[in-house]
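**Student:** below are the sequence and a predicted model; questions follow.
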Amino acid sequence: QLVESGGGLVHPGGSLRLSCVASGFSLEHYAVGWFRQAPGKERDWVSCISSDGIHTNYEDSVKGRFTISRDNAKNTVYLQMNSLKPEDTAVYYCAADAQYSRVTVNPLYWGQGTQVTVSA
């Protein structure tokens, strides 16, 4: 099971850090991705990180603003979100898969999501 936390309401330009904690299995051997779904839109990939943390990737609109990281000792992956914009408003999900190449396409495990709202 994956559980996200850290969402909330923030003003434009503000920051949030999302956490994704695994329970029942070790996240150490899994690549993890973050996705988001805005109202009325499809769920889109945002960022991903390999199991060893060496490889990361970002969707173009969040490059330079979001940073993905992981602490395998805490079984947790983070998404630091800075310079937030109203268009970042969405439900954010984390997902995990044993293969880095698959984590942005069809990951095996999903969390339930956490709401991020960016508004003045």
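**Tutor:** Thanks, I have it. Owing to the predicted nature of the structure, the values given are computational and were not obtained by experimental measurement. Numbers count the residues shown, from 1 in each chain.
**Student:** all contacts plus neighbour counts: C-alpha atoms, from now on.
**Tutor:** OK.
**Student:** just the strands in this structure please.
**Tutor:** 2-5, 8-10, 16-22, 31-37, 43-49, 56-58, 66-71, 76-81, 90-97, 109-110, 114-118 (DSSP state E).
**Student:** the second one pairs with which strands, and in what direction?
**Tutor:** Read that as strand 8-10. strand 114-118 (parallel) (DSSP bridges).
**Student:** partners of the worst-scoring helix or strand of the chain on mean pLDDT in the sheet?
**Tutor:** In the chain, the helix or strand scored least confidently by mean pLDDT, DSSP states H and E is strand 109-110, which has a mean of 95. Note on strand 109-110: by DSSP bridges, its sheet partners are strand 90-97 (antiparallel).
**Student:** mind listing what's buried along stretch 7-23?
**Tutor:** Gly7, Val10, Pro12, Ser15, Leu16, Arg17, Leu18, Ser19, Cys20, Val21, Ala22 (16 or more other C-alpha atoms under 10 Å).
**Student:** and the second one, how close does it get to Cys94?
**Tutor:** Okay, so that is Val10. Val10 sits 20 Å away from Cys94 when distances are taken as C-alpha to C-alpha, to the nearest Å.
**Student:** could you dump the strands of the chain to TSV with distance to Val103?
**Tutor:** TSV is the format used below for these (distance: least, C-alpha to C-alpha, whole Å):
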stretch	distance to Val103
strand 2-5	14
strand 8-10	25
strand 16-22	15
strand 31-37	6
strand 43-49	7
strand 56-58	11
strand 66-71	14
strand 76-81	14
strand 90-97	5
strand 109-110	9
strand 114-118	19
